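Novice: A structural model of the following input is requested.
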Amino acid sequence: MIPVGKNTVVTLSYTLTDPDGNMLDEGNEPIVYLHGGYDGVFLPIEAALEGKTAGDSVTVKLQPNDAFGEYDFDLLQVEPVENLPQPLKVGMMIEGETEDGFEEGAVFYTITEIADGKAVLDGNHPLSGMALVFTGTVRAVRPATSLEIENRAAV
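Specialist: Numbering: from 1, shown residues only. Got it, this is the predicted structure:
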């Protein structure tokens with residue numbers, strides 16, 4: 001069996017819960033990532049998987065800074081409803097820009113409240129500010145191809 005190590009492609013089944021055991025993600029689709037510091041999974045998970053082989057399991061407790069970050073109140077915006085896509089519903093996600101316009105890449109906002117012709121947009125990841133418990137089982141490990149290493153991602 002090939003152990004998890006730099007430049008291997010790892011397939012994981014997983015679940016994600018809060019510290020009280022409440023299910024946050026049942027992991028219906030496995031994670032497939034390039035191991036070795038390519039940002040395919042959070043670093044504490046990658047460290048726990050180092051040297052494991054197919055069939056091995058890990059449980060990793062993640063603090064907010066190890067996962068989706070602390071909740072940032074600066075990522076809240078209030079916008080007039082007429083400036084946003086319609087029909088607008090609480091819980092939907094829309095793509096947008098930061099107020100300063102300096103954020104690289106797409107920014108996604110969750111509509112958290114609609115009242116008095118205005119909507120509250122939250123640019124935080126839904127799991128930001130939360131401690132998490134990741135439980136994963138290695139399903140497969142294989143050597144990465146040169147293309148995967150060049151692209152820094154599993155294909």
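Novice: going forward, measure contacts and count neighbours with C-alpha atoms only.
Specialist: OK.
Novice: For F42, see how far away the closest residue to A144 other than its chain neighbours is.
Specialist: Using CA to CA, 6 or more residues apart in numbering and skipping residues adjacent in sequence, the residue nearest A144 is T8, 4.9 Å away. Distance, T8 to F42, by CA to CA, to the nearest Å: 16 Å.
Novice: With neighbour numbers in mind, choose between these two.
Specialist: T8 (22 against 14; other CA atoms under 10 Å).
Novice: which residues touch the more buried one?
Specialist: By CA atoms under 8 Å, 6 or more residues apart in numbering, the residues touching T8 are 34-36, 141-144.
Novice: Which one of those residues sits in the busiest neighbourhood?
Specialist: That'd be L34 among those, by other CA under 10 Å, with 30 neighbours.
Novice: so that one sits right up against N7, yeah?
Specialist: Yes. Between L34 and N7 there is a contact at 6.2 Å, judged by CA atoms under 8 Å.
Novice: Give me the common contacts of the two.
Specialist: Joint contacts of L34 and N7 (CA under 8 Å, 6+ apart) are 144, 149.
Novice: most centrally placed residue in the protein?
Specialist: F68 (6.6 Å; CA atoms, centre = their mean).
Novice: Spatially nearest residue to it, not counting backbone neighbours?
Specialist: Closest to F68 by CA to CA, 6+ apart is S128, at 4.7 Å.
Novice: and the gap between the one you found and Q63?
Specialist: Taking CA to CA, one finds S128 at 10 Å from Q63.
Novice: that older thread, just give me the closest of the contacts of T8 to P19.
Specialist: Nearest to P19 out of the contacts of T8 is H35 (CA to CA; 26.0 Å).
Novice: Sounds good, over and out.
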